[in-house]
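[1] What would the 3D arrangement of this be:
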Amino acid sequence: MPAEPPVIVSVVLPMRNAACTIDECLESVVHQTYPHFEVILIDDGSTDESLIKARLWSRHDRRIKLYRQQPQGLVAALNHALALAKGKFIARMDADDIMLPHRLQAQVEYLTRHPRTHLVATQVALFPHHLVSTGYQEYIRWQNQCLTPQDMLDEIYVESPIAHPSVMLRRSVFAELGGYRHGDFPEDYELWLRMINRKMRLAKLPQVLLKWRQSSGRSSRVDSRYDKQKFDALRARFLRKDPRINTQRPLVLWGAGRKTRKRVALLGLKPAAWIDVDRKKIGKTYMDAPVVSHTWLREYSRLDNSIPVAMKPFVLSYVTNHGASRLIADELRASGFERGKDYLMVG
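    From the prediction side, this is the model:
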């Protein structure tokens, strides 16, 4: 019997004005331990020496396929690359990041062993260290702990649990969902939400296999699509369709401040109660629902544990401070509430 042909990976790599980093990026790609890949390198109207450097790489290694387009933005470059890709698996990469040598090998092996998983990402390390803020270090600490499909499902409304340039997806994902979408939102987070909405499985390898470069010009810092209000609107759009929320169970919101109430209004759902630790708010009414103490759920659980599950409240916690969120999760678990089944955290 002839051996099966190797699985081809298409590395989708958009580029604009990356002359300072593209050599290091492509160096890391061509030295992967998994050799069966093509690089679909889309130059999105660079005005520096990126194109000259990319041409040299494409002449040196035929696996690197260079294409040009007029400057149309990241989403257009990604969809252009997807249209040209031939691989069974699609790997993302940015022109300023660095793959560790076993990245593609590890992801191909995982998707081959787990045919029901649609996407596998990797843990990441931020660099250079002097540009990494304390807040972003905390975000990556949280993100690197989101590993299993259940973690992805339960933590998806906190933040994006995945570093976009670390992912490998099955080509069939795009065949089913279409490409990346243009809109006033982060294109990667919107895709993860669409995938979860369609019950696709996302996972992550428990290894750092991508060095994720930080810079003052990174899209997440300068692009208006990454504004907090855009994240709030995007989350609300998918959250209100989540089957865990759309039940007959009473909906309880943790956090009753003005900003939280504004975010909750995006859901278009009526709460049964609010929970807050601020004594000045307790006893007030917002959206026709009372504000109660944080001890209310524990008392409810103790007094009403014979009530059918359908009547048990479902809690959405809108408290975004990481330390406070951990305390709230501890209190919910102590009150008999299970993550994903009885409560979700919202970023």
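
[2] elements contacting the longest strand along the chain?
    Using DSSP state E, we find that the single longest strand of the chain is strand 202-213. Judged by 3 or more CB pairs under 8 Å, 6 or more residues apart in numbering; DSSP states H and E, strand 202-213 is in contact with strand 98-99, helix 103-113, strand 119-127, helix 149-155, helix 187-197. All C-beta atoms are positioned from the backbone trio N, CA, C, and that covers glycine.

[3] Flag every buried residue along the last one.
    Of all the residues in helix 187-197, those buried under the rule 16 or more other CB atoms under 10 Å are 187, 188, 189, 190, 191, 192, 193, 194, 195, 196.

[4] which stretches of the chain form helices?
    In the chain, the helices defined using DSSP state H lie at 22-30, 50-60, 74-84, 103-113, 134-145, 149-155, 171-177, 187-197, 219-222, 228-239, 258-265, 296-303, 322-334.

[5] out of the ones you listed, nearest to residue 281?
    Residue 281 lies closest to helix 258-265 among the helices of the chain, at 10.1 Å (CB to CB).

[6] outside of that closest one, which residues touch it?
    The contact list for helix 258-265, computed with CB atoms under 8 Å, 6 or more residues apart in numbering, reads 232, 236, 253, 271, 286, 287, 316, 318, 319, 346.

[7] Rebuild the helices and strands packed on strand 202-213 as a markdown table, extending it with distance to residue 22.
    Shown next, in a markdown table, are the helices and strands packed on strand 202-213 (distance: least, CB to CB, whole Å):
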| stretch | distance to residue 22 |
| --- | --- |
| strand 98-99 | 11 |
| helix 103-113 | 18 |
| strand 119-127 | 16 |
| helix 149-155 | 31 |
| helix 187-197 | 21 |
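
[8] follow-up on the earlier one: and the helices of the chain: which comes nearest residue 6?
    Go through the helices of the chain one by one with CB to CB and the one that ends up closest to residue 6 is helix 103-113, at 8.9 Å.

[9] now the closest one and strand 119-127, what's the angle there?
    Between the axes of helix 103-113 and strand 119-127, defined by axes from the mean of the first three to the mean of the last three CA atoms, to 10 degrees, the angle is 160 degrees.

[10] Buried residues, helix 103-113. List them.
    103, 104, 105, 106, 107, 108, 110, 111.

[11] Next, the contact list for the closest residue to residue 182 other than its chain neighbours, please.
    Take residue 182 and drop its neighbours on the chain: the residue closest to it by CB to CB, 6 or more residues apart in numbering is residue 75, 5.1 Å away. Residues in contact with residue 75, defined by CB under 8 Å, 6+ apart, are 180, 181, 182, 187.

[12] what about the closest residue to the last one other than its chain neighbours, how many residues close to it?
    So that's residue 187. Leaving aside its sequence neighbours, residue 187 sits nearest to residue 180 (CB to CB, 6+ apart; 4.5 Å). By other CB atoms under 10 Å, the residues close to residue 180 number 20.

[13] Now do the same contact list for residue 180.
    Residue 180 neighbours (CB under 8 Å, 6+ apart): 75, 78, 79, 82, 187, 188, 190, 191.

[14] Report the buried residues of stretch 60-67.
    Those would be 63, 64, 65, 66, for stretch 60-67 by 16+ other CB under 10 Å.

[15] cool, stretch 122-129 as well?
    By neighbour count on 16+ other CB under 10 Å, the buried set for stretch 122-129 is 122, 123, 124, 126.

[16] Could you do stretch 276-284 as well?
    276, 277, 281, 282.

[17] how long is it end to end?
    11 Å (CA to CA, to the nearest Å).

[18] what does it rub up against?
    254, 255, 256, 257, 274, 290, 291, 292, 293, 294.

[19] Which of those are buried, as a PyMOL select command?
    The PyMOL selection below is limited to those of these classed as buried (16+ other CB under 10 Å):
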select buried, resi 254+255+256+274+291+292+294
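
[20] so which of the contacts of stretch 276-284 comes closest to residue 205?
    Residue 205 lies nearest to residue 254 out of the contacts of stretch 276-284, by CB to CB, at 32.3 Å.

[21] quick one: low-confidence ranges for the stretch 151-300 of the chain?
    By pLDDT under 70, the weakly predicted segments of the stretch 151-300 of the chain are 217-223, 300.

[22] dump the residue contacts of residue 88.
    Applying CB under 8 Å, 6+ apart, we find residue 88 in contact with 7, 8, 9, 170, 171.

[23] Pull out the buried positions in stretch 323-330.
    By neighbour count on 16+ other CB under 10 Å, the buried set for stretch 323-330 is 325, 328, 329.

[24] what do you get for stretch 329-345?
    Using 16+ other CB under 10 Å as the test for burial, stretch 329-345 gives 329, 331, 332, 335, 337, 339, 342, 343, 344, 345.

[25] Redo the contacts of stretch 276-284 as CSV? Include distance to residue 136.
    Shown next, in CSV, are the contacts of stretch 276-284 (distance: CB to CB, whole Å):
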residue, distance to residue 136
254, 25
255, 23
256, 29
257, 24
274, 31
290, 38
291, 33
292, 35
293, 34
294, 29
